[in-house]
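**Q** Next come a sequence and a model predicted from it.
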Amino acid sequence: TTLCLSFAFYYTTIQKSQIEAEAEIRINELTTQLNQMECEHDKGKMQSQELITYISEKDNKLSNLTKCIRHLESEKATEEENLSVMLKELTDYRRWYANVTLLKTTL
């Protein structure tokens, strides 16, 4: 009986050691998986932040381009106004010159 009890105790101790070793291995595997998941999550957060920064930069560039286009449109409108004034002055001058020429020929 003592031999049986000794053997049972020894067998139980071995099983306990095996269970503890398997549990330790499983804990290490799960810890590794958790670390990988945390790393991927951090990467995802970084990529999201990079994307937000990229979009913000593009939005600022677009805003600056819009301001530049509005400025150029304003300059174009001013140039068109100046050309319109110059064309009117040229037309007035041509009328005046035609009248002067007509006046010379009638005299």
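**A** Sure thing, it's come through.
**Q** What are the boundaries of the strands in the chain?
**A** Counting by DSSP state E, one finds no strands in the chain.
**Q** Tell me which stretches of it form helices.
**A** For the chain, applying DSSP state H gives helices covering 2-106.
**Q** Quick check: which ranges of it have low pLDDT?
**A** Applying pLDDT under 70 to the chain flags the ranges 1.
**Q** Residue 95: how many residues sit nearby?
**A** When neighbours are defined as other Cβ atoms under 10 Å, residue 95 has 10 of them. Every residue, glycine included, has its C-beta placed from N, CA and C.
**Q** can you check the one 10 residues further on too?
**A** Other residues near residue 105 come to 7 when the count uses other Cβ under 10 Å.
**Q** what about it, distance to residue 98?
**A** Taking Cβ to Cβ, to the nearest Å as the measure, residue 105 falls 11 Å from residue 98.
**Q** swap in residue 89?
**A** Separation of residue 89 from residue 98 (Cβ to Cβ) stands at 15 Å.
**Q** cool, residue 14 as well?
**A** Noted for residue 14: a distance of 123 Å to residue 98, by Cβ to Cβ.
**Q** same check, this time on residue 70
**A** Going from residue 70 to residue 98 by Cβ to Cβ gives 42 Å.
**Q** again, but for residue 71
**A** Per Cβ to Cβ, residue 71 is found 40 Å from residue 98.
**Q** Check residue 37 too.
**A** Applying Cβ to Cβ, the value for residue 37 to residue 98 is 89 Å.
**Q** Could you do residue 7 as well?
**A** Separation of residue 7 from residue 98 (Cβ to Cβ) stands at 133 Å.
**Q** Then residue 4?
**A** Relative to residue 98, residue 4 is positioned 137 Å away (Cβ to Cβ).
**Q** How about residue 11?
**A** Per Cβ to Cβ, residue 11 is found 127 Å from residue 98.
**Q** And residue 44, by the same measure?
**A** In terms of Cβ to Cβ, residue 44 sits 79 Å off from residue 98.
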